[in-house]
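**Student:** Predicted model and sequence follow; I will ask about them next.
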Amino acid sequence: MRLLLPILATLIWAGNTIVSKLSAGAIEPAAISFYRWLVALLALTPFMLPKVWKMRVQVRPYWRKLVVLAALGMVMYQSLAYFAAHSVSAMSMGLIIAAIPPMTMVIGMIVLRTRPSPGMLIGALISFVGLSWLLSAGHPAQLLQQGLGRGELMMLLASTSYAAYGVLVKRWALPIGNGESLYLQILCGTVLLLPGFLLAPSVALTAHNLPLVLYAGLLASTVAPWFWMRGLLRLGPDKTAVLMNLTPVFTAAFAVLFLGEPLQAYHWVGGVLTLLGVAVAQMLKQRPAPQLEARECAG
């Protein structure tokens, strides 16, 4: 039973990738990006605003860092994914997201000056080979000649943004509870997304796109993070992090079942290598320093 909530969280996040793909053509990316976090903000405000208001003096010195975290984790990450969904399959989106852990390790080496174990470096290398295979549709040499497609580049930037978000969460270790920090980041993210929303050519909510907005705002942005945080408390960060590898697997299954996307050979090879690299890095990693494992924020 301790595994149930974090597994449900990964299922919801996998479903959100399908929602991102379905949103292409149904609603402007800038509109669903704003509506998603506005819905989450409204849903959380009755529970979180009184707590945040009481600790406003404690929070005030960290507002700039909260804005940066919101820009990386709430604005860039999901907004780029909504734009990428116009040209990238949901299956490929999920598998590119699977490369976030090795990206986090590389960025952590620079920002946190961490020294990864040989096993972590081997795992990261395997994951990046898998990612290259996936991005090139099984022809890595073509990446050097043709470069990345626009959608693939956006998804890669989105994943890099979230990897940077995870590193900064550890680097700054804000003395704010996970729930309060998430709420404040959602607040900042909603404000940051407002200009793009106002400039969007269409922001109309319809019977077709409203369920997509509600899924993204309530389930993916409110319920799933709560499930994940409960999992962190019950299982600890190391065991819970392993379960995140289920997200691209569920995403691929949903893409086949609900969108009818074909599962190509390069999906198998790239996906397996990417996940294998993550698994190798997690199994062979050295235990992080206490100050770096004190805070672990779930997406």
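**Tutor:** All right, it came through fine. Numbers count the residues shown, from 1 in each chain.

**Student:** what residue ranges in the stretch 51-200 of the chain score low on pLDDT?
**Tutor:** 143-146 (pLDDT under 70).

**Student:** what about the helices in the stretch 101-250 of the chain?
**Tutor:** Using DSSP state H, counting those that start in this stretch, the helices found in the stretch 101-250 of the chain span residues 118-135, 141-146, 150-172, 178-199, 210-214, 224-235, 237-243, 246-258.

**Student:** Can I get those helices in a markdown table including mean neighbour count and distance to residue 39?
**Tutor:** In short, each C-beta sits where N, CA and C put it, glycine included. Listed next are the helices of the stretch 101-250 of the chain as a markdown table, based on neighbours: other CB atoms under 10 Å; distance: least, CB to CB, whole Å:
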| stretch | mean neighbour count | distance to residue 39 |
| --- | --- | --- |
| helix 118-135 | 20 | 32 |
| helix 141-146 | 10 | 38 |
| helix 150-172 | 21 | 20 |
| helix 178-199 | 19 | 10 |
| helix 210-214 | 18 | 6 |
| helix 224-235 | 20 | 13 |
| helix 237-243 | 17 | 26 |
| helix 246-258 | 19 | 21 |
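
**Student:** Among those helices, which comes closest to residue 73?
**Tutor:** For residue 73, the closest of the helices of the stretch 101-250 of the chain is helix 150-172, at 4.0 Å, according to CB to CB.

**Student:** Which strands or helices does that closest one pack on?
**Tutor:** Counting contacts by 3 or more CB pairs under 8 Å, 6 or more residues apart in numbering; DSSP states H and E, helix 150-172 is packed against helix 63-70, helix 77-84, helix 90-97, helix 100-111.

**Student:** Among the ones you listed, show me which one is buried the most.
**Tutor:** Each of these was scored by mean neighbour count; the highest is helix 90-97, a mean of 26, by mean count of other CB atoms under 10 Å.

**Student:** Now do that one and helix 118-135, the angle between them.
**Tutor:** 150 degrees (axes from the mean of the first three to the mean of the last three CA atoms, to 10 degrees).

**Student:** neighbours of residue 47, just the number please.
**Tutor:** Neighbours of residue 47 under the rule other CB atoms under 10 Å: 11.

**Student:** what about it, which SS state?
**Tutor:** helix (DSSP: H, G, I helix; E, B strand; the rest coil).
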